[in-house]
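J.: One predicted model, sequence on top.
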Amino acid sequence: MNLSKSNSLILLHIIIIIWGFTGILGKLITLESFAIVLNRMSISFIALFFIKQLLCKNLKTQLKDIFTYGLIGLLIAIHWISFFEAIKQSTVSLALICLSSISLFTAIIEPLVQGRKIRLYELMLSVFVIIGITIVFNYETMYKTAILLSIISALFAALFTVFNHKLINNGHHALIITTWEMLGGSICIAIYMLLNNKLNLSILPQSIDIIYILILSLICTAFAFCASIEIMKKITPFTVNLSVNLEPIYSIILAIIIFG
């Protein structure tokens with residue numbers, strides 16, 4: 001895929017609208033956070049692996065690269081688990097508003113990884129977000145744990161976004177990156193749940209949860225996540241994560257309609 005910068009920006013906002021459904025699905029799915037993310041990443045890996053075999057079967061992937069992808073997959077898993085747990089403990093709107101701190105973390109982490117100076121305007125834009133989160137934190141006293149989980153989620157989102165930006169601009173393929181990241185995250189969660197005696201049949205989705213998990217895995221993850229890596233050939237991680245701050249707007253509208 002060779003998109004122009006303008007087309008990449010258009011695709012970014014389509015992705016953000018799709019991600020707007022993520023919080024809603026996390027609230028609707030009855031499974032616990034670890035089970036949601038394990039199912040999400042496992043199903044995404046299976047779908048992406050078959051697509052990779054069809055489109056990129058001639059591309060060789062070195063073992064050290066797979067290990068790198070797997071470690072980033074762990075960061076993604078922690079981000080999603082923290083995010084869904086924050087939603088379970090509070091509301092979709094609150095979790096997404098606090099997730100907006102991702103822009104501040106990106107403004108600091110991206111320069112460190114890329115070896116450039118911190119841009120003052122990026123920090124200034126992020127400060128406004130932090131002021132808003134501070135107001136929310138002081139007002140929503142009963143949801144302080146959820147707020148902290150959302151901020152942790154934002155930190156890990158900033159980390160994997162910056163690392164994926166570096167990979168895609170060093171010639172790695174977005175589909176390959178996403179496929180092995182989903183596998184790496186799945187394995188890490190499975191090991192954790194196995195060690196804590198949580199890996200059993202109860203993690204499998206039932207009835208309507210099956211539909212929700214499939215939408216979350218195939219549309220909001222396999223497609224949207226892979227596309228979000230691809231567009232970083234033209235767009236910086238800070239621009240991506242600053243634009244993602246629009247996600248709460250879409251999710252809040254959907255949450256009002258669905259949950260009142």
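T.: Thanks, I have the structure now.

J.: and the longest helix for the chain?
T.: Under DSSP state H, the helix in the chain containing the largest number of residues is helix 63-89.

J.: Downstream of that one, the next helix or strand is which one?
T.: Tracing the chain past helix 63-89, the next element assigned as helix or strand by DSSP states H and E is helix 92-99.

J.: Which of the residues in that next one are classified as buried?
T.: Across helix 92-99, burial judged by 16 or more other C-beta atoms under 10 Å covers 92-99. Quick note: C-beta positions are derived from backbone N, CA and C, even for glycine.

J.: any chance of these in JSON lines, plus distance to residue 195 and pLDDT?
T.: Written out in JSON lines, the entries for those read as follows (distance: C-beta to C-beta, whole Å; pLDDT from 0 to 100):
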{"residue": "92", "distance to residue 195": "30", "pLDDT": "74"}
{"residue": "93", "distance to residue 195": "34", "pLDDT": "74"}
{"residue": "94", "distance to residue 195": "31", "pLDDT": "78"}
{"residue": "95", "distance to residue 195": "27", "pLDDT": "80"}
{"residue": "96", "distance to residue 195": "31", "pLDDT": "77"}
{"residue": "97", "distance to residue 195": "34", "pLDDT": "78"}
{"residue": "98", "distance to residue 195": "29", "pLDDT": "79"}
{"residue": "99", "distance to residue 195": "28", "pLDDT": "80"}
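
J.: Can you tell me which of these lies closest to residue 55?
T.: Distances from those to residue 55 were compared by C-beta to C-beta; the smallest belongs to residue 99, at 31.9 Å.

J.: was I right about the closest one contacting residue 246?
T.: No. Between residue 99 and residue 246 there is no contact, the gap being 11.8 Å when judged by C-beta atoms under 8 Å.

J.: any low-confidence regions in the stretch 51-200 of the chain?
T.: Applying pLDDT under 70 to the stretch 51-200 of the chain flags the ranges 136-137, 139-141.

J.: ranges for the helices of it?
T.: With DSSP state H, counting those that start in this stretch, the ranges of helices along the stretch 51-200 of the chain come out as 63-89, 92-99, 102-114, 120-139, 144-168, 174-195.

J.: Please identify the buried residues of the last one?
T.: Meaning helix 174-195. Using 16+ other C-beta under 10 Å, the residues of helix 174-195 that count as buried are 174-190, 192-193.

J.: same question, the first one
T.: Counting neighbours by 16+ other C-beta under 10 Å, one finds that the buried residues in helix 63-89 are 66, 68-70, 72-89.

J.: Please apply the same query to the fifth one.
T.: Within helix 144-168, the residues that count as buried by 16+ other C-beta under 10 Å are 146-147, 149-165, 167-168.

J.: just the third one next, same as before
T.: Judged by neighbour count (16+ other C-beta under 10 Å), helix 102-114 contains these buried residues: 102-107, 109-111.

J.: For the residues you listed, could you give me CSV that also reports distance to residue 233?
T.: Putting the buried residues of helix 102-114 into CSV (distance: C-beta to C-beta, whole Å) gives the following:
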residue, distance to residue 233
102, 20
103, 21
104, 24
105, 22
106, 17
107, 21
109, 19
110, 15
111, 19
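
J.: What lies in contact with stretch 79-93?
T.: Contacts to stretch 79-93, defined as C-beta atoms under 8 Å, 6 or more residues apart in numbering, come from residues 23-24, 26-27, 32-34, 36-37, 40-41, 94-95, 98-99, 140, 143, 145-147, 149-150, 152-153, 156-157, 160, 185, 189, 248, 251-252, 254-255, 259.

J.: 7 Å instead?
T.: The contact list for stretch 79-93, computed with C-beta atoms under 7 Å, 6 or more residues apart in numbering, reads 23-24, 26-27, 33-34, 36-37, 40, 95, 99, 143, 145-146, 149-150, 152-153, 156-157, 160, 248, 251-252, 255.

J.: Cool, thanks, signing off.
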